[in-house]
Each structure stands twice: as structure tokens, then as C-alpha cells.
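Asker: kindly return the folded structure for what I paste below:
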Amino acid sequence: MKTGFNIIGMHCASCAVKNEAALKKLNGVEDATVNYAMGSASVEFDESKINEMDLHKIIIKNGYTVSTDNHEKREHDHHAANKVGLKATVSILLSLPLLYIVMTGAEFLYVDIVQLVLGIFVVFIMGFEFHAGMLKQLKMGAANMDSLISLGTMAAIFYSLWAYFSGLGNFYFETGAVITALILLGRYFEAKTKGQASEAISKL
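Answerer: Got it, this is the predicted structure:
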């Protein structure tokens, strides 16, 4: 038997590879293909050994969401694109003052605190999904793109906090903030593109 379903929450090609490998390992699965661009899976399996719910469960166990309703997926993609677009806009606007301070060497009252507050807000509030994604993967003994982003931005923030409280200067708050902002912007463009592609295919 052959079936297909949507996988929500994949943010990189390694997510598709991970889900495809997990499906292929299941006893009774004859073949499986996960398409990252479309956020979908196509699976051939032996009904006498495994059922469709078992396929869904392994994807959910990996930390993703399964949907068999194409309309629901398009609605989710549209909502996700708008949400990440707002986060990207706010992150960029808050990162600009940090870049100005670093590039011009601006000095004013509480300049260090301004960098600290803006950097932490962008990395940990606007970029919360990266850290949550890393923790989710960590619980399963795995890692993905969220793990790299989270570790990279947190390294910049925690070093800067240490430098701030040690009185050493040389902060990297802007580094963590700009990385977060640019990746959120990239995810916005990606979400918009995937949503448009999905909508176009649904009209065929």
C-alpha cells in the first residue's frame, strides 16, 4: 500500500533526511521518500506488518507534526510565514542600533546596557524557536540546524555577558542578534516560497 502525508516543522534538508531514514527503518516499510521543499512524505508499506498511524507516530516522535489535510497545511504555512516575517522585522529593527553602536563606536549613557538588553531580547525572545528546537532534538540525542543556530547565538551572548560583568568590554551582542535576524529573514522567504509552491501545485 502507498500513502502520503504532510510533515510540518522541517526547517532544513537534514530534517527530511532524518525523517526519511526513520520511516525506512520501520518493519514493514518497503520504501519512503520525504520531500523537504514540499514538506511531504510518500511511503510504501506492507499493511500486514504496519499501519499508517505507526508511520505518523515515528514522525511525531522525531519532533514534527503530521497532517493529512492539504488545506490545513496551507493555512499553517501561511500563518507560519506571517509569524516569522513579524519576528524577522522586529529583530532587524532592534539589531540596527547594535550595528550602529559597534560600527561607529558610539558612546552614551548606559550604552553597554542598551547592547545587553537588545541582544538578549533578539536572541532569546525573537529567536526562541531555535533554542526550543535544540532542546527538543537534544532530548532525543539528535541535532539539526536549530542546534547550530542556538549554540552559535548563545555563545555570542554568554561570552558578552561574561565580558560585561567582568568589565572587559569587547561585546558580541550584535553578532548574536544579527545572526538571529538574518536567519529569521531567510526562514520568512523560505516559508513564503514553499507556501506559493504548495498553492500552485494544488491548483494543477
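
Asker: for residue 39, grab phi and psi.
Answerer: Reported as degrees, to the nearest 10, the phi and psi values for residue 39 are phi 60, psi 40.

Asker: my read: it touches residue 11, true?
Answerer: No. The pair residue 39 and residue 11 does not pass the contact test of Cβ atoms under 8 Å, sitting 10.3 Å apart. (Each C-beta comes from the backbone N, C-alpha and C, glycine too.)

Asker: buried residues in stretch 51-71, which are they?
Answerer: Neighbour counts over stretch 51-71 (16 or more other Cβ atoms under 10 Å) mark 55-56, 58-59, 62-64, 66-67, 70 as buried.

Asker: and the end-to-end length of that stretch?
Answerer: 24 Å (Cα to Cα, to the nearest Å).

Asker: neighbouring contacts of that stretch?
Answerer: 3, 5-10, 15, 18-19, 22-23, 26, 28-29, 41, 43, 45, 73, 76, 133, 136-137, 140, 198, 202 (Cβ atoms under 8 Å, 6 or more residues apart in numbering).

Asker: which one's more surrounded, residue 39 and residue 11?
Answerer: With neighbours defined as other Cβ atoms under 10 Å, residue 39 and residue 11 compare such that residue 39 has more, 23 against 19.

Asker: and residue 145, how far is that from residue 187?
Answerer: 10 Å (Cβ to Cβ, to the nearest Å).

Asker: list the residues that contact both of the two?
Answerer: residue 11.

Asker: mind giving me the PyMOL select for the contacts of stretch 51-71, buried ones only?
Answerer: Filtering the contacts of stretch 51-71 down to the buried ones (16+ other Cβ under 10 Å) takes a single PyMOL command:
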select buried, resi 5+6+7+9+10+15+18+19+22+23+26+29+41+43+45+73+76+133+136+137+198
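
Asker: pull out the buried residues from stretch 88-103.
Answerer: Under 16+ other Cβ under 10 Å, the buried positions of stretch 88-103 are 88, 90-92, 94-95, 98, 101-102.

Asker: ugh, typo on my part, it should be stretch 161-171
Answerer: Within stretch 161-171, judged by 16+ other Cβ under 10 Å, the buried ones are 163-164, 171.
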